[in-house]
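>>> Coordinates for the following, if possible.
(chains A and B)
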Amino acid sequence: MSVLIDEHTQILCQGITGSVGTFHTQQGLDYGSKIVAGVTPGKGGSTHLDLPVYNTVSEVMQNHEIDATVIYVPAAFAADAILEAVEVEIPLIVCITEGIPVQDMIPVSDILKTSSSLLIGPNCPGIITPDQCKIGIMPGSIHKAGNVGIVSRSGTLTYVAVDQTCDHGQSTCIGIGGDPIHGLDFIECLTMFEHDRATEVIVLVGEIGGTAEEEAAEFIQTAVNKPIVSYIAGASAPPGKRMGHAGAIISGGKGTAEDKYKALENAGVHTVRTLAGISEAVNKILT
Amino acid sequence: MYIHEYQSKRLLHTYEIPIPRSEVFTQGDSIEKFVANFGGESWIVKAQIHSGGRGKAGGILWAHTKEELKQQIDKLMGTTLVTKQTDAAGLPINTLLVEKPANIKHEIYLSLLVDRASKKITAIASAEGGINIEEIAETSPEKISSVNIHKTSGIQGYHCRLLAQNLNLNKAQFKQFSHILKQMYTLFLDSDASLIEINPLIISDDESLLALDAKMNFDDNALFRHKKIASLKDTSQENPIELKAKQHDLNYVKLDGSIGCIVNGAGLAMATMDLIKHNGGEPANFLDVGGNTTGQRVTQAFNLLIDDKSVRSIFVNIFGGIVRCDVIAEGILQALEETELTLPVVVLLQGTNSEQGKEILKNKHKLITAVSELTEGAKLAIEKAGAQS
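Numbering: from 1, shown residues only, chains lettered A, B, ... in the order given. Next up, the predicted model:
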């Protein structure tokens, strides 16, 4: 068992012929991921890395069974690409692209509410179930199949969390991305890990800003029984330079690392104050 | 991207939102001519810098005679202003906004922003506008109204009615308020803004509404499609090292400590600062060289930190993913050849080929110490910084 993806997941790559798309598709194929087709508008009918390339996602759906799509399309066109995948209700959409204008993501988030598609990202490393399927830009080699589920807002911090849990290995790792408006949040991921038989411990890596960790803490109190280890990055960050008051009014002064730690601790989460503490905390729970 | 008050007001004016009568005075303009042409009996001279808190810092001055106006312009122009929101060096004043004062009967707060919680554009209003709005939000949240605007429907009459509920506007004022809010929303969409704030939006003694101060912020990721907005950028308001970093596409924020940090990934960069602070040190900066960094980017990062004279040691913390640690290690050695660095460098390489990377760095350069663990690295960087100062 695992979360969202496994060895049978058939994957489409949008933006497959670009340099980033090419590189990471090759890495994914080498890892054993079942990438079956690509889309690049204008290059339909050709092949790339021995895979068929189509002009539109809808053409792909007429010819292949697709469970997930990964998007490497440049920022200016990425929201368009996500919406094209939502249109045909691809179950899982993973958007790696960073730098998407935030107002482009507002309609995406509205439309996702009425769709069965799930979005991971944007601006994220993707998702991996070690030894089965890798969708995204994470280095496959550092992962090992095991029983720790990882969910994180930051890319490289996810990798460090993987490294910290190398004694036990990982069930699935999900990088949900750090953009203000993104798809899957902690709560959805925690729900899936809670129901996943392969996952025994969950590692939640948060960051200052927003209130996603506080909401997760509230959810954990009633809905998660598995042990959770959590680290929040940014305790030492000075208050960001800002102009105007609107941000402070809307957040009501919430969103500091200390608020998040407090909320998580109240929910029974094992919090650690430095990254280096993750390994010890996980080992303690699993022995 | 932030812009100045005078630029924000020009944009408001373009969208038919009323602003006070004003003139812009820039460096090199003739004071004599400027004062002679600007009629009236009293004026407000406002320093144009990218920071709030200007009034309390002495950046907003009154003048009641033309002679006094000259003096006030002269007093502010070309100086730097330190406010509660700037660093100790302050920001240079190269532009002044000279305004005709309005007779304020009442101050309203009004803003639009992208709200990450609701994933929508949110409008906020309060009858108690002015400089204490954040305190009011904290102590009397019931005095603040907010409403989410669905992008499909756009702004509707009920949004305006909801927000105006507690503003005590008469019929004519409500009509003006609705017009202002709707125009603000259009500007927000047209320009990919992330914040438009009018504070205060005043009711003057002739009962009309007027935007007395305005702050705007635009989505950097969307500037590629707004050339006009992008051209409003004033680089004199940015820290020179931060500016240089941006040119190299490095994500850098100057801090007050002595330990320079070079890290790949924003989250890991924050975590590295946490670690240094947790062990009793002070980071000199936040610096993210990007998830998939290269040797060349590390060289650029070293060059940046050399410019910061408060740095006493450097902690390089790279997690090799797709980019292998042995490649990064070679890059670091080359960077030391190419730069004039004289500070101790502690290097932690983790992830892909970390052992080979460490081996490459071993005893190669007198400035470098390779470590194998996070806490060890942070402690050593702190110790070396202490020995340098």
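
>>> CA atoms for contacts and neighbours, from now on please.
OK.

>>> Spell out which parts of the stretch 51-200 of chain A neighbour chain B.
A:99-103, A:106-107, A:109, A:137-139, A:141-142, A:154-157, A:159-160, A:163, A:180-181 (CA under 8 Å from any CA of the partner chain).

>>> And the nearest residue to residue B:2 once chain neighbours are set aside, how close does it get to residue B:116?
Leaving aside its sequence neighbours, residue B:2 sits nearest to residue B:217 (CA to CA, 6 or more residues apart in numbering or on different chains; 4.6 Å). Note on residue B:217: its distance to residue B:116, by CA to CA, to the nearest Å, is 16 Å.

>>> Would you confirm that residue B:223 contacts residue B:233?
No: using CA atoms under 8 Å, residue B:223 makes no contact with residue B:233, being 10.6 Å away.

>>> the more surrounded of these two?
Neighbours per residue, other CA atoms under 10 Å in any protein chain shown: of residue B:223 and residue B:233, the larger number sits with residue B:223, 18 against 15.

>>> Now do the contacts for that one.
B:192, B:229, B:230 (CA atoms under 8 Å, 6 or more residues apart in numbering or on different chains).

>>> cool, residue A:226 as well?
Residue A:226 sits in contact with A:194, A:200, A:201, A:202, where contact means CA under 8 Å, 6+ apart.

>>> In which helix or strand does the last one reside?
Looking back up the chat, that one is residue A:202. Assigned by DSSP states H and E, residue A:202 belongs to strand A:201-207.

>>> buried set for that strand?
A:201, A:202, A:203, A:204, A:205, A:206, A:207 (16 or more other CA atoms under 10 Å in any protein chain shown).

>>> list the contacts for residue B:220?
A:101, B:1.

>>> roughly how far apart are it and residue A:62?
Applying CA to CA, the value for residue B:220 to residue A:62 is 38 Å.

>>> Distance-wise, check the residue lying closest to residue B:27 once chain neighbours are set aside relative to residue B:25.
Excluding its sequence neighbours, the residue lying closest to residue B:27 (CA to CA, 6+ apart) is residue B:94, at 5.8 Å. Distance, residue B:94 to residue B:25, by CA to CA: 9 Å.

>>> before we move on, what about residue A:138?
Residue A:138 is 53 Å from residue B:25, by CA to CA.

>>> which regions of chain A sit below the pLDDT cut-off?
Per-residue confidence for chain A (pLDDT under 70) gives these ranges: A:239-244, A:248, A:250-253.

>>> Helices of that one, start to end?
Ranges of helices in chain A, per DSSP state H, are A:19-31, A:57-63, A:75-87, A:102-112, A:155-164, A:186-195, A:212-223, A:246-251, A:257-266, A:277-286.

>>> any idea how far residue A:103 is from the residue in the stretch 51-200 of chain B positioned nearest to chain A?
Using CA to the nearest CA, the single residue of the stretch 51-200 of chain B nearest to chain A is residue B:116, 5.2 Å away. In this view, residue B:116 and residue A:103 are 11 Å apart by CA to CA.

>>> gap between residue B:205 and chain A?
According to CA to the nearest CA, to the nearest Å, residue B:205 stands 26 Å off from chain A.

>>> Buried residues in stretch B:18-30, which are they?
Neighbour-count burial for stretch B:18-30 flags B:18, B:19, B:20, B:22, B:23, B:24, B:25, B:26 (criterion: 16+ other CA under 10 Å).
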